[in-house]
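Engineer: Sharing a sequence plus its predicted fold:
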Amino acid sequence: MPPRTFTLTKPHMTGDDVRSFQDELNSRFAGWEIDRIVVPDGDYGRETRDAARQVCRALGLDHATEHGVTPDVRIKVRHPENRTAMEIERSESGAIRSYRARLRRRFASHVEIAPGANLPDRPISKVTLDFVGRVSRRCHRTIVVTTGTNHDKFTVDGNVSDHFSGHAVDIGMAANGGTDDGPVGDVIMAAALIEAGFTKADAKAKAAGGGLFNAQRDGMRIQCIWKTNVGGNHHNHVHIGVRPL
């Protein structure tokens, strides 16, 4: 099959070529120290389309995506040295440098640890905080962790809590401008599920309905809980547990 031009269609274009392009977009963002991550799910949806536009603009490829992302444009994204002299000069202009700086600020993570959330000398693990940071970037809001390691050793089911080992956080609604079972929790839960590997549509549906959901991704076991009494009252906070397999 000849290389395709990626456009936003219904149903979405899917395939390994889309997944490879998503990986290239993530590489470009990482090179610019922009904490923007596209889920490499092989689905050319609105999020991937928007990310492609951002990368192309940041590379000085103005108007390159007006009629979709052509194979030639994707080659320039993969190998920026193939850009024209004018495109390279444009990418180094003050306007484009400022644009990349705005993207860097827009997608910066903001995670705050509330006073008393952790036990003394027992911090939340880096792998868990990194995941919550990606959730923060995805939903474009500061996330306040209200409970980290300052938690009972055992869950209501008698299991050792991920909190106790530093591998879980609770995101209380009151501290995050939300309400019990409200839309703020839906947004945070959906972002967490997308980071766990669920599709955007599935994540939104699961967040709206509530429940306990487990996933495995990148060598991690991820658990997200919201709007349920399974494992305790999770109507007033979103629970995110992340630990190595």
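Structural biologist: All right, it came through fine. Numbers count the residues shown, from 1 in each chain.

Engineer: Domain-wise, how is the protein divided?
Structural biologist: The chain breaks down into these domains under automatic domain parsing: 13-106, 111-244.

Engineer: list the buried ones in the biggest helix by length in the chain?
Structural biologist: Longest helix in the chain by number of residues (criterion: DSSP state H): helix 16-31. Burial within helix 16-31, assessed by neighbour count using 16 or more other C-beta atoms under 10 Å, is assigned to Asp17, Val18, Arg19, Phe21, Gln22, Glu24, Leu25, Asn26, Arg28, Phe29. Any C-beta I mention is one placed from the backbone N, CA and C, and that applies to glycine too.

Engineer: And the contacts of it?
Structural biologist: 3-4, 6, 35-44, 48, 51-52, 55, 58-59, 69, 74, 77-78, 103, 107 (C-beta atoms under 8 Å, 6 or more residues apart in numbering).

Engineer: you'd agree Ile171 is up against Ile188?
Structural biologist: Yes: counting by C-beta atoms under 8 Å, Ile171 touches Ile188, with 5.9 Å between them.

Engineer: All the helices of the chain, residue numbers only.
Structural biologist: 16-31, 46-58, 71-78, 85-91, 94-106, 126-139, 183-195, 200-209.

Engineer: Mind checking these for the one nearest to Arg217?
Structural biologist: For the helices of the chain, distance to Arg217 was read as C-beta to C-beta. The smallest value, 8.1 Å, belongs to helix 183-195.

Engineer: quick check: angle from that closest one to helix 126-139?
Structural biologist: If you take axes from the mean of the first three to the mean of the last three C-alpha atoms, to 10 degrees, helix 183-195 sits at 120 degrees to helix 126-139.
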